[in-house]
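below is the structure, and that's it, no one-letter string:
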């Protein structure tokens, strides 16, 4: 059985990026989106940190939280060989209702790929939140270029973050 990470969130978080389940590299490093070819942190630093290279994982987390953005996965646990979402069996969802009660400022969920959205929707519907499906930042999702993904993520972040201002 594989287990996800605690949520990366604080009282200022308004937008929650929801993944499916950390891949093998992330689980080994104990960091969200640790696989070097995943484009998540590149997109975040291009959009919110002037394109600079992150110094370390703490730097990554601080940039995200400072913008009102948090991270969590749809699944708390599952069985899976390798890192592909398609290999997930025995999914157990994370406890989003409790998280939303503890952090009521979260109003928008940005799903990092279809698998994350499907696992969440199966367990919680829309969870009472605005839900936006975005192309996965995983290198396994190569049907869109980095620039196309970055534009879609930027539009969604701007819309969601402006919603609460």
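Received the coordinates, thanks. Note that this is a predicted model, so its numbers are computed, not measured.

need the single longest helix in this structure, by residues.
When the chain is parsed with DSSP state H, its longest helix is helix 146-163.

now what about that one, what contacts it?
14-15, 39, 42-43, 46-47, 67-69, 107-108, 110, 130, 132, 134-135, 137, 144 (CB atoms under 8 Å, 6 or more residues apart in numbering). Every C-beta, even on glycine, is put in place using the N, C-alpha and C of the backbone.

now the buried members of these.
14-15, 39, 42-43, 46-47, 67-69, 107-108, 110, 132, 134-135, 137 (16 or more other CB atoms under 10 Å).

contact partners for the spatially closest residue to residue 23 that is not a sequence neighbour?
Excluding the flanking residues, the one nearest residue 23 by CB to CB, 6 or more residues apart in numbering is residue 83, at 3.4 Å. Listed by CB under 8 Å, 6+ apart, the contact partners of residue 83 are 23-25, 35, 140.

and residue 38, by the same measure?
23, 137-139.

same thing with residue 121?
residue 131.

after the helix or strand containing it comes which helix or strand?
Using DSSP states H and E, residue 121 sits within helix 114-124. As assigned by DSSP H and E, the chain's next helix or strand after helix 114-124 is strand 130-134.

what about this structure, any weak spots by pLDDT?
Applying pLDDT under 70 to the chain flags the ranges 164-165.

for the chain, what spans make up the helices?
For the chain, the helices defined by DSSP H cover 24-29, 40-48, 57-66, 96-102, 114-124, 146-163.

in JSON lines, list those along with distance to residue 9.
Putting the helices of the chain into JSON lines (distance: least, CB to CB, whole Å) gives the following:
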{"stretch": "helix 24-29", "distance to residue 9": "17"}
{"stretch": "helix 40-48", "distance to residue 9": "15"}
{"stretch": "helix 57-66", "distance to residue 9": "8"}
{"stretch": "helix 96-102", "distance to residue 9": "7"}
{"stretch": "helix 114-124", "distance to residue 9": "16"}
{"stretch": "helix 146-163", "distance to residue 9": "15"}
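
of those, which is nearest residue 74?
When those are compared by CB to CB, helix 114-124 sits nearest residue 74, at 3.9 Å.
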